[in-house]
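> heads up, no residue letters with this:
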């Protein structure tokens, strides 16, 4: 399917904007662009009808694809015009200051540029005229597009509280299944006299196998029996080396360094030997050649059989062949929900509580809709969510009578209906997610930054907070059951996508997005977004994709994700940079490259550059300072980086900056121009003693993280100028004097302090008494007491205290924190004892809190479980999660 209305609206908006008008006049291209705008308006009038009719005509699909391709080309031209306007401002400034032009911006001839751009715009307009002429052959008519809901429905905030760390999932009709599986898990006797036995759960996609397995996994009796629990998402790629590494990481809660397979096997057996463990292998496939085979399974099972008697492996799969291949002691076939349970789930998603009683005529239609869902929870939830805002009878009849629902695959049909109902601006965001592998853990700041780089975020007001807008998009997807929220901490989210929803994303993104081994059969030259993963490159017959270099010309995105080995091919990188001049997003995290090609400065369209975990790179080319459109730059854990380029402050469109350096101070002018910056992460800057006074210019800064800056002594005195700051986190900065610096910080919503020698909380936190909603205090070994003024934080909703051994009591006024909804006290033995439920001396102070998590055991295994739980709850953007525990 092709949907061109979203990109058409974006292009028309840019053409009509004041900025575009100014640019057009400057370069004499106004007339051609005006003609282009008029032609595009004529096409837009029939666009909604074309998108409706495309299912019956492959010619219309092809026509829509060509239109999208041209609109993308128009965007690229507008980018070039705007870039030269910004560039001219720099040139004029440098002339007035220095009397000459800096070498960054000296090689440019406006007359030649004007001629080239005029020719390019004319060629695009002529192609668009052909598209306009072709539309007459399809008998398209003008139909008013449905009104869009740009903001997230209120219901999303009702169902998923923004400050909930782990959103609760509504599950119905699985109690008996859970009971049966737990019974078999706790039965330690295996008739085959094996230490480790297997339980299989199989059933159709969307039935809730993973959800059921999670319910079992998190049950208290299961936690008590299996002190060591591990969860691995396997998906289509069953490789024993990868599984050994991931199981080891899950068991130790730390990254397993890659060595030889034999050494890793030995290490894993040493960890598991004599321990009773539970291992979940979720979503196992037997697809040739990557899936599980009898030989692969036997090798893995033999390796794991060193566990204590009663250890269990729980396998979930769609295929009965896989369920049998693993020789389970119990094979659990998951069936569809009963009519009663189906009704409860559908009603929960389609109505507010009790509201269905006002619409008995709709529920009667809903009975027919539910029959088509065959008791599949994913289909019931998706169609219920689709109908949530609809209260007219004809709207429900449209869903019931849709032709696609009469086919064999009603689950996918339900998902397609939900996708088709999305407003145009959400569809490209959804399709973009197809670039990621199944079971991928999406983090909001990463995906939102990429959406923003592609121009997918549709602003409806001035000075838009695009992070907030992106979160609204994610919550809209969650409300429609297309995304599954895993973590929600108000200003950032973590979510997953169901395998079937991922299949849908691949289907709708077939032309625009591609991975190395799953590329479209036709129109490959129109692909704009490409991802490469370690799984792609692990196959012996796979190669770093030379076909990309030969066939693609307009690529906008290269993502190197989920990699086991860092990207190391300097030639391929240089070639990509030189060939793909329209690139907007480049992600080569985990690279082993020692230098970044200076030609990267020619990628004037680049908005997103992720160089995380490039541990060998020592310098960045000065040409990187020419990337005036760059919005996202991340250098996390580039530990060998000696210094930042002096001109990095020229990147005036930066909204996200994650830096580390070996310098003792930041380059002069680094922050002065970065007035749009919203997120700043300063990590592993071990020699930096001061952040400098220029931080006061970051008046739009909303998120500030400072970590592993072991020589940082104080915060700047002008922090009070950061009026937009609402998230402040400090990690492992033991010399940082917080009691004497930081005055003036106010308006915080989230505050986190990790690994500190702090003896008391800084008094300036009181300046945020009427805004602070979440506070985390972790690994503060010298903190002996919490201040009495804590009771003044009357808006505090979440408080986490972790590994603060000297804390022995809570303040007297804790009962005044009436907004407090979540309290975590972990690895604080004295405090835990005083807060013990019902009997502890401090229990009366906190008994009003709805959700209290106390580690209730001195057992190291139990504490490991609590550490894992807390570290997952602490997760924010994705920086430092492995360093927390």
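Nice, thanks for sending it over. Because the structure is predicted, anything quoted here is derived from the model rather than measured.
> could you check how far the nearest residue to residue 740 once chain neighbours are set aside is from residue 785?
Nearest non-adjacent residue to residue 740, counting by C-beta to C-beta, 6 or more residues apart in numbering: residue 714, 7.0 Å away. C-betas here are computed from N, CA, C, even on glycine. To residue 785, residue 714 is 24 Å away according to C-beta to C-beta, to the nearest Å.
> got it, and residue 211?
Distance, residue 211 to residue 785, by C-beta to C-beta: 43 Å.
> looking at the two, which is more packed in?
A count of neighbours by other C-beta atoms under 10 Å puts residue 211 above the other of residue 211 and residue 785, at 17 against 14.
> confirm residue 494 sits in a helix?
No: assessed with DSSP: H, G, I helix; E, B strand; the rest coil, residue 494 is strand; it does not lie in a helix.
> could we number from 174 for the rest of this?
Done: numbering now begins at 174, and the last item shifts to residue 667.
> right, and it touches residue 660 too?
Yes: with contact defined as C-beta atoms under 8 Å, residue 667 reaches residue 660; the gap is 3.8 Å.
> contacts only, for the residue nearest to residue 913.
Going by C-beta atoms under 8 Å, 6 or more residues apart in numbering, residue 887 touches 863, 909-910, 913-914.
> which two of the residues you listed have the greatest separation?
Using C-beta to C-beta, these reach their maximum pairwise distance at 863 and 913, which is 13.7 Å.
> looking at the two, which has the bigger crowd around it?
Using other C-beta under 10 Å, the more surrounded residue of residue 863 and residue 913 is residue 863, with 15 against 10.
> so who does that one touch?
Contacts for residue 863 (C-beta under 8 Å, 6+ apart) come out as 838, 885-887, 889.
> which SS class is it?
For residue 863, the assignment made with three-state DSSP gives coil.
> state the distance from it to residue 611.
In this structure, residue 863 and residue 611 are 46 Å apart, going by C-beta to C-beta.
> residue ranges with poor pLDDT in the stretch 624-773 of the chain?
Of all residues in the stretch 624-773 of the chain, those with pLDDT under 70 make up the ranges 633, 635-636, 689-696, 707-724, 735-742.
> which stretches in it count as strands?
With strands called from DSSP state E, counting those that start in this stretch, the stretch 624-773 of the chain shows them at 657-661, 666-669, 686-688, 702-706, 730-734, 758-760.
> what's the last one packed up against?
I take that to be strand 758-760. Helices and strands touching strand 758-760, by 3 or more C-beta pairs under 8 Å, 6 or more residues apart in numbering; DSSP states H and E, are strand 730-734, strand 781-783.
> in it, what counts as buried?
758-760 (16 or more other C-beta atoms under 10 Å).
> run a quick neighbour tally on the residue lying closest to residue 811 once chain neighbours are set aside.
Distances taken as C-beta to C-beta, 6+ apart put residue 787 closest to residue 811, at 5.0 Å, once the chain neighbours are dropped. Residue 787 is flanked by 26 other residues according to other C-beta under 10 Å.
> now swap in residue 684 and tell me
Counted with other C-beta under 10 Å, the neighbours of residue 684 add up to 22.
> that one reaches residue 237, doesn't it?
No: Residue 684 lies out of contact with residue 237 (C-beta under 8 Å); the separation is 9.4 Å.
> sec struct for the residue nearest to residue 811, please.
Following three-state DSSP, residue 787 is assigned to coil.
> mind listing what it touches?
739, 761-766, 808, 811.
> distance of it relative to residue 760?
To residue 760, residue 787 is 11 Å away according to C-beta to C-beta.
> with residue 898 instead?
The gap separating residue 898 from residue 760 is 28 Å, by C-beta to C-beta.
> same check on residue 835?
The gap separating residue 835 from residue 760 is 24 Å, by C-beta to C-beta.
> check which residues of the helix or strand harbouring residue 424 are buried.
Counting by DSSP states H and E, the element that carries residue 424 is helix 413-425. By neighbour count on 16+ other C-beta under 10 Å, the buried set for helix 413-425 is 413, 415-424.
> residue 294: which of the residues you listed is nearest?
residue 415 (49.3 Å).
> what residues are up against residue 1004?
974, 977, 980-983, 998, 1015.
> over to residue 656?
Applying C-beta under 8 Å, 6+ apart to residue 656 gives the contacts 615, 647, 650, 668-670, 674.
> between these, which sits nearest residue 1022?
Ranked by distance to residue 1022 (C-beta to C-beta), the contacts of residue 656 are led by residue 668 at 26.5 Å.
> give the buried residues for stretch 377-391.
Residues 377-390 are the ones in stretch 377-391 that count as buried (16+ other C-beta under 10 Å).
> what does that stretch rub up against?
Taking C-beta under 8 Å, 6+ apart as the rule, stretch 377-391 contacts 342, 344, 347, 350-351, 354-355, 358, 374-376, 395, 402, 404, 451, 453, 455-456, 487, 489-491, 507-509, 549-552, 584, 671-673.
> same thing with stretch 558-575?
Contact with stretch 558-575 is made by 322, 326, 328, 522-524, 532, 534-535, 538-539, 541-542, 545, 556, 578, 586, 590-591, 594, 652-654, as judged by C-beta under 8 Å, 6+ apart.
> now which of these would you call buried?
Buried residues within the contacts of stretch 558-575, defined by neighbour count using 16+ other C-beta under 10 Å: 326, 522-524, 532, 535, 538-539, 542, 545, 556, 578, 586, 590-591, 594, 652-654.
> narrow these to those in helices?
Residues of these located in helices (DSSP state H): 522-523, 535, 538-539, 542, 545, 556, 586, 590-591, 652.
> quick one: residues contacting residue 476.
Residues in contact with residue 476 (C-beta under 8 Å, 6+ apart) are 413, 417, 438, 441-442.
> what's the helix or strand for residue 983?
For residue 983, there is no host helix or strand (DSSP H and E).
> now swap in the one 10 residues further on and tell me
Element membership of residue 993, judged by DSSP H and E, is empty: it is in no helix or strand.
> wait, it touches residue 1022, no?
Yes: between residue 993 and residue 1022 there is a contact under C-beta under 8 Å: 5.1 Å.
> of these two, who's got more company?
Neighbour tally, residue 993 and residue 1022, criterion other C-beta under 10 Å: the higher count belongs to residue 993, 23 against 19.
> quick one, what contacts residue 785?
Residue 785 makes contacts with 762-763, 807-811, 831, as judged by C-beta under 8 Å, 6+ apart.
> so residue 747 sits against residue 769, correct?
No: contact criterion C-beta under 8 Å: residue 747 and residue 769 do not qualify, at 9.9 Å.
> residue ranges for the strands of the stretch 374-523 of the chain, please.
Using DSSP E, counting those that start in this stretch, strands in the stretch 374-523 of the chain cover 401-408, 450-457, 484-490, 503-506.
> show me what contacts residue 1016?
1007-1010.
> and residue 543, how many neighbours does it have?
Neighbour count for residue 543, taken as other C-beta under 10 Å: 23.
> ok, now residue 189?
11.
> one step back: would you turn the contacts of residue 476 into a markdown table with distance to residue 498 and pLDDT?
Shown next, in a markdown table, are the contacts of residue 476 (distance: C-beta to C-beta, whole Å; pLDDT from 0 to 100):
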| residue | distance to residue 498 | pLDDT |
| --- | --- | --- |
| 413 | 15 | 93 |
| 417 | 19 | 95 |
| 438 | 21 | 94 |
| 441 | 22 | 95 |
| 442 | 23 | 96 |
